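Student: Let me see the structure of the following:
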Amino acid sequence: MRGGMGSLARRKLEIEMKLAKSIFLGSAAGLVGTSVVAAADLPVKARAVEYVKVCSLYGAGFYYIPGTDTCVKLGGYLRVDTTINGGSYGQPFYAGDAGQGNRFVDSYLSRSRMGFDIDTRTASEYGTIRTFGHANLQFNNFGTSNPAVLTAPGVNSNLLNIPGGGYVAVDSVFIQFAGFTLGKSTSAYATPWNGYPGNNTSFLMGGHDSVTGVNNIQYTTEFGSGISGTLGLDDPTVFSRTAVWNTALGTAATGSGVVAYGGTRVPDVVGRMRVDQAWGLFQISAAAHAVNASYNVLGSGGAPTALSEISGHPGTKWGGSVMAALQIKNLPTGAGDDFKIDVTYSRGDTKSVISTSGPSPSFAMFGGSSLGYQSVGFGNTSDGLYLPGAGGTGGIILTTAWGIRGAFNHNWDPYWSTSLWGSFASIRYQGSANDNLTSVGTTSAKGAYCAAFAANHPGQTAGPGGAGTYSCNPDFNIMQLGVVTRWTPVKNLAFSAELGWFHLDQKMAGSSVFAPSAPKPVALYEFKDQNTAYLNLRAQRNF
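Tutor: Numbers count the residues shown, from 1 in each chain. Just a heads-up that it's a prediction; the model follows:
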């Protein structure tokens with residue numbers, strides 16, 4: 001018994017030893033596993049975060065691009081314009097369906113736009129290296145439902161007229177380095193306010209406006225004491241040319257000639273001297289502009305024919321313009337008030353006078369008449385014209401223009417301000433109104449124009465006559481006057497209302513039976529001065 005009991009005891013002891021060993025080993029494994037997990041959860045030292053730093057070198061709003069020594073500023077605005085009896089952005093009703101006042105025109109028009117700026121600057125041994133770009137995202141209608149306009153060659157109505165449509169417009173894209181500016185920017189010829197001495201509208205004429213940029217190369221020198229000088233070479237194709245007419249091709253019913261400008265051969269040479277002081281600014285600008293035609297013989301619409309090249313062409317004429325501008329600050333009428341004015345004279349460079357932030361317009365406006373079906377006023381813009389062949393003009397005859405515009409800007413208090421603005425511009429064609437009826441041999445600009453105009457406007461006479469007769473004179477003046485009041489309830493948010501008046505002082509006299517553009521009928525039309533007015537309402541938030 002004792003020996004048997006001893007075996008059981010040993011057996012029991014062995015089992016207990018194995019169980020204890022299993023528990024110990026399991027606990028040890030658990031401890032090891034826990035240690036591994038704990039080791040995995042221990043924090044690892046992270047890389048240092050590069051926070052965006054304020055760059056105080058170039059004013060408020062600039063930050064260093066992380067990892068570089070370049071500073072960047074982002075900004076822009078959101079603007080909503082609504083215009084009654086005018087085009088988007090305050091264009092008066094002075095041409096096309098709007099000038100006719102027919103049933104196709106939109107008398108109520110809105111445009112929504114968001115503009116974006118990106119401005120980068122880097123210090124270097126040559127001074128600050130700057131790049132700047134401004135682009136607009138916008139949506140608006142054409143201002144007319146005329147199918148002939150919406151389906152015209154080159155027009156993509158899907159960009160504007162469909163839900164979800166819109167388009168991108170690029171104003172400025174340029175580099176500045178060591179005094180040079182390279183790219184699409186405001187011309188060196190321009191004033192700091194361009195075509196905006198105090199107005200909202202981008203259609204205040206009477207002087208230069210290249211606020212939406214022109215491809216150029218310019219160099220600026222600072223002489224000290226606020227005196228600077230700038231020379232530039234501007235690409236004239238988009239901004240510096242209006243039209244050269246070959247009057248052998250006649251005129252349209254609205255009196256506009258057929259465009260026969262040749263290709264760009266040389267840039268416009270422009271320059272300015274400017275004085276900036278605490279009292280304001282004074283500037284003198286000048287430009288040289290080459291006016292060149294394509295050929296003497298052209299087909300419909302100015303298209304070339306097989307005879308064009310062998311027909312020759314008139315010689316290039318050099319025109320140009322000069323401008324003086326003045327700004328007076330610190331007026332006794334109130335804090336922040338100022339007065340701006342510029343005066344321009346041009347010959348063969350009409351874009352410097354009949355200028356908008358887009359193309360130079362011509363004018364065809366209709367109104368009431370007690371003499372005929374309606375009255376009409378024409379004002380057609382050109383850099384020059386020519387009539388080839390014997391008895392022609394003997395080459396291009398340049399068009400003369402001059403203009404003046406300005407604004408008085410007054411702050412009533414920190415929240416309310418008003419600007420009173422206006423302009424006058426005059427276009428003159430060389431020669432006498434009746435040269436085409438009386439002259440022998442080489443004719444004048446007016447003579448060549450009036451002969452072309454008479455082909456589809458019968459009744460031209462050398463003197464006064466009855467109904468259906470007229471004396472021809474393509475000269476004209478335009479006048480503009482307006483007022484805008486702005487309310488700024490909080491910083492960078494403004495609401496404004498602008499009322500503008502436009503007057504066309506045309507120089508034709510009498511009446512003629514002719515066919516204007518459809519839907520106008522063939523009827524007796526009296527040549528008469530015309531007027532129009534518009535109201536623009538705007539909300540704008542800058543950021």
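Student: Please name the residues that touch the residue nearest to N140 when sequence neighbours are not counted.
Tutor: Leaving aside its chain neighbours, N140 sits nearest to R111 (3.6 Å; criterion: Cβ to Cβ, 6 or more residues apart in numbering). The C-beta positions use only the backbone N, C-alpha and C, and glycine is treated the same way. R111 makes contacts with 80-81, 88-89, 138-140, as judged by Cβ atoms under 8 Å, 6 or more residues apart in numbering.
Student: do the same with A324
Tutor: So A324 contacts 282-285, 342-343 (Cβ under 8 Å, 6+ apart).
Student: hey, what's it bridged with?
Tutor: I284, V343 (DSSP bridges).
Student: and it, how far is that from S185?
Tutor: 22 Å (Cβ to Cβ, to the nearest Å).
Student: Same question for N156.
Tutor: 27 Å.
Student: who has more neighbours, the two?
Tutor: Taking neighbours as other Cβ atoms under 10 Å, N156 and S185 compare with S185 leading, 25 against 10.
Student: Leaving out sequence neighbours, find the closest residue to that one.
Tutor: F174 (4.2 Å).
Student: Near that neighbour, how many other residues are there?
Tutor: F174 has 21 neighbours, counted by other Cβ under 10 Å.
Student: my read is it is in a strand, agree?
Tutor: Yes: counting by DSSP: H, G, I helix; E, B strand; the rest coil, F174 falls inside a strand.
Student: which residues touch it?
Tutor: Neighbours of F174 in contact, by Cβ under 8 Å, 6+ apart: 131-133, 181-185, 213.
Student: re earlier: check the gap between the residue nearest to N140 and N136 for me.
Tutor: 10 Å.
Student: One more: V297?
Tutor: 42 Å.
Student: What of F408?
Tutor: 29 Å.
Student: Could you check the pLDDT of V36?
Tutor: On pLDDT, V36 comes in at 38.
Student: ok, the nearest residue to Q138 once chain neighbours are set aside - how many residues close by?
Tutor: Sequence neighbours aside, R113 is the residue nearest to Q138 in space, at 3.8 Å (criterion: Cβ to Cβ, 6+ apart). Each residue near R113 was counted by other Cβ under 10 Å, and the total is 20.
Student: Show me the residue at the heart of this structure, geometrically.
Tutor: S357 (3.1 Å; Cα atoms, centre = their mean).
Student: pLDDT of the helix or strand harbouring G447, averaged?
Tutor: Applying DSSP states H and E as the criterion places G447 in helix 445-454. Averaging pLDDT along helix 445-454 gives 96.
Student: Show me how far it is from its chain's centre.
Tutor: Once both centres are worked out by Cα atoms, centre = their mean, to the nearest Å, helix 445-454 turns out to sit 32 Å from its chain's centre.
Student: contact partners of that helix?
Tutor: Contacts for helix 445-454 (Cβ under 8 Å, 6+ apart): 245, 247-251, 255, 257, 384-387, 392-393, 397, 399, 429-437, 439, 443, 460, 472-474.
Student: repeat for stretch 303-315
Tutor: Against stretch 303-315 from outside (Cβ under 8 Å, 6+ apart): 262, 292-299, 386, 388, 395-396.
Student: try 10 Å this time
Tutor: Stretch 303-315 has contacts (Cβ atoms under 10 Å, 6 or more residues apart in numbering) with 244, 246, 258, 260, 262, 291-299, 302, 384, 386-389, 392-397.
Student: Which members of those are positioned in helices?
Tutor: Among the contacts of stretch 303-315, none falls in helices (DSSP state H).
Student: So in this protein, which strand runs the longest?
Tutor: strand 108-124 (DSSP state E).
Student: Do me a favour and get the end-to-end distance for stretch 488-499?
Tutor: One end of stretch 488-499 sits 18 Å from the other (Cα to Cα, to the nearest Å).
Student: For that stretch, give the mean pLDDT please.
Tutor: Rounded mean pLDDT across stretch 488-499 is 98.
Student: Then stretch 382-398?
Tutor: Mean predicted lDDT for stretch 382-398 stands at 96.
Student: chain center to it, what's the gap?
Tutor: The answer for stretch 382-398 is 31 Å, by Cα atoms, centre = their mean.
Student: And for stretch 215-231?
Tutor: Distance, centroid of stretch 215-231 to centroid of chain: 23 Å (Cα atoms, centre = their mean).
Student: for the stretch 301-450 of the chain, what spans make up the helices?
Tutor: Secondary structure of the stretch 301-450 of the chain (DSSP state H, counting those that start in this stretch): helices at 308-311, 435-438, 445-454.
Student: Nearest to L371, out of those helices?
Tutor: L371 sits nearest to helix 445-454 of all the helices of the stretch 301-450 of the chain, at 19.5 Å, using Cβ to Cβ.
Student: Can you tell me the number of residues neighbouring L281?
Tutor: Counted with other Cβ under 10 Å, L281 comes out at 19.
Student: Could you verify my assumption that it touches T191?
Tutor: Yes: counting by Cβ atoms under 10 Å, L281 does reach T191; the two are 7.9 Å apart.
Student: on that earlier part again, format the contacts of F174 as JSON lines; extra columns: pLDDT, distance to A98 and secondary structure.
Tutor: Formatted as JSON lines, those follow (pLDDT from 0 to 100; distance: Cβ to Cβ, whole Å; DSSP: H, G, I helix; E, B strand; the rest coil):
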{"residue": "T131", "pLDDT": "98", "distance to A98": "39", "secondary structure": "strand"}
{"residue": "F132", "pLDDT": "98", "distance to A98": "35", "secondary structure": "strand"}
{"residue": "G133", "pLDDT": "98", "distance to A98": "33", "secondary structure": "strand"}
{"residue": "T181", "pLDDT": "98", "distance to A98": "37", "secondary structure": "strand"}
{"residue": "L182", "pLDDT": "98", "distance to A98": "38", "secondary structure": "strand"}
{"residue": "G183", "pLDDT": "98", "distance to A98": "34", "secondary structure": "strand"}
{"residue": "K184", "pLDDT": "98", "distance to A98": "29", "secondary structure": "strand"}
{"residue": "S185", "pLDDT": "97", "distance to A98": "31", "secondary structure": "strand"}
{"residue": "G213", "pLDDT": "95", "distance to A98": "26", "secondary structure": "coil"}
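Student: coming back round to it: can you list residues touching both of R111 and N136?
Tutor: Common neighbours of R111 and N136 (Cβ under 10 Å, 6+ apart) are R79.
Student: shaky segments in the stretch 301-450 of the chain?
Tutor: Where the stretch 301-450 of the chain drops to pLDDT under 70, the residues are 439-440.
Student: So which of the contacts of R111 wins on neighbours?
Tutor: Top of those by neighbour count (other Cβ under 10 Å): D81, with 25 neighbours.
Student: In which helix or strand does that residue reside?
Tutor: For D81, the host element (DSSP H and E) is strand 70-84.
Student: D234 is in contact with S210, correct?
Tutor: Yes: contact criterion Cβ under 10 Å: S210 and D234 qualify, at 8.0 Å.
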